[in-house]
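In: coordinates only, sequence not included:
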């Protein structure tokens, strides 16, 4: 009787904890959307608390940025600090003004996701002069002193993409289209360099076209069309951001009459970096082959943790904090631990 009663109590407690956790998760996701919407209008979005951190995102206009933002808010909820957030709306000038505003308002540390690695160095220098530690997130800067940098291991993302492409291609010799991001950003440059270094190990992967797309989906679409006009027999494409490029590249292939599923001899192999919902859906449906997935939530939470350490003057053992990618293929695309499978 006592055992039955104890089991019943335990079940009630577990259900209560589950309901609280579920409600907290729903509240967080609702709060993320609310704050992101406000920040993207150019206004500051504030989570009360101390110490107050500042977050300046490059933008909040696509799923990748939103999930990094969600990770920062998850870290804020965990550590109970305050947070004032801005979106730079893809403008270095706006980001510069936002960093200056945070310094003026007394932010104890700034987490910066720079639009342009060189241009935002001046903002870091101003923070240095004010004694405000800076953590860069997802991209680095070329000047000033940062307390830490948190990013995906972008070179390894590029290298892993090559290995996924090689696995999908097999022993066939194929011509490869390499799309680029914006090489003015550290992420764009390092992903490209990692891919180009690794692809040299696979003589059957022949790079015939390297075209810039500047993180712009419409430019990736046009570049794909241009590449196939010059080389109609391209057999594989590398996307340095599948969050941004998957839909428009697939649309280009469809327009060109080149969109065939995996297993068809005419299939064009597609691999990317990000592990976003778009490429996961394309992998499930058989029109893409793999992705080097980032840990976007982990990046955001880590940035908060390191910012709080910097405020306290604690030594940061690993100031360049690179998070390795995870390979996504058809075998694990439904893994609930992948960030793209977290409902948001």
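Out: Great, that's in hand. Keep in mind it's a predicted model, so treat the numbers as computed, not measured. Residues are numbered from 1 along each chain as shown.
In: could you pull out the helices for this structure?
Out: Along the chain, counting by DSSP state H, helices occupy 2-40, 63-79, 92-104, 121-130, 154-169, 186-199, 217-230, 242-256, 277-285, 296-312.
In: could you redo these as JSON lines and give each row distance to residue 333?
Out: C-beta here means a position set from N, CA and C on the backbone, and glycine is covered the same way. Shown next, in JSON lines, are these (distance: least, C-beta to C-beta, whole Å):
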{"stretch": "helix 2-40", "distance to residue 333": "22"}
{"stretch": "helix 63-79", "distance to residue 333": "16"}
{"stretch": "helix 92-104", "distance to residue 333": "35"}
{"stretch": "helix 121-130", "distance to residue 333": "38"}
{"stretch": "helix 154-169", "distance to residue 333": "12"}
{"stretch": "helix 186-199", "distance to residue 333": "21"}
{"stretch": "helix 217-230", "distance to residue 333": "22"}
{"stretch": "helix 242-256", "distance to residue 333": "12"}
{"stretch": "helix 277-285", "distance to residue 333": "5"}
{"stretch": "helix 296-312", "distance to residue 333": "17"}
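In: could I get those helices as a markdown table with mean neighbour count and distance to residue 209?
Out: Below are these laid out as a markdown table (neighbours: other C-beta atoms under 10 Å; distance: least, C-beta to C-beta, whole Å):
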| stretch | mean neighbour count | distance to residue 209 |
| --- | --- | --- |
| helix 2-40 | 12 | 34 |
| helix 63-79 | 22 | 25 |
| helix 92-104 | 19 | 29 |
| helix 121-130 | 18 | 32 |
| helix 154-169 | 22 | 15 |
| helix 186-199 | 21 | 13 |
| helix 217-230 | 18 | 4 |
| helix 242-256 | 22 | 13 |
| helix 277-285 | 21 | 20 |
| helix 296-312 | 22 | 29 |
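In: which stretch in those has the least confidence?
Out: For the helices of the chain, the weakest mean pLDDT is recorded on helix 2-40, namely a mean of 45.
In: Show me the residue sitting in the middle of the chain in space.
Out: Taking C-alpha atoms, centre = their mean, the centroid of the chain lies closest to residue 64, which sits 4.7 Å from it.
In: Next up, the contacts around that residue.
Out: 241, 243-244, 274, 276, 294, 296 (C-beta atoms under 8 Å, 6 or more residues apart in numbering).
In: Now with 6 Å, please.
Out: Residue 64 makes contacts with 243, 274, as judged by C-beta atoms under 6 Å, 6 or more residues apart in numbering.
In: any idea how far it is from residue 299?
Out: The gap separating residue 64 from residue 299 is 10 Å, by C-beta to C-beta, to the nearest Å.
In: With residue 121 instead?
Out: 21 Å.
In: swap in residue 202?
Out: 29 Å.
In: can you check residue 55 too?
Out: For residue 55, the distance to residue 299 - C-beta to C-beta - is 12 Å.
In: Residue 328 too?
Out: With C-beta to C-beta as the criterion, residue 328 and residue 299 are 17 Å apart.
In: One more: residue 330?
Out: 26 Å.
In: which residue sits closest to residue 294, ignoring its sequence neighbours?
Out: Nearest residue to residue 294 in three dimensions, chain neighbours excluded: residue 152, at 4.4 Å (C-beta to C-beta, 6 or more residues apart in numbering).
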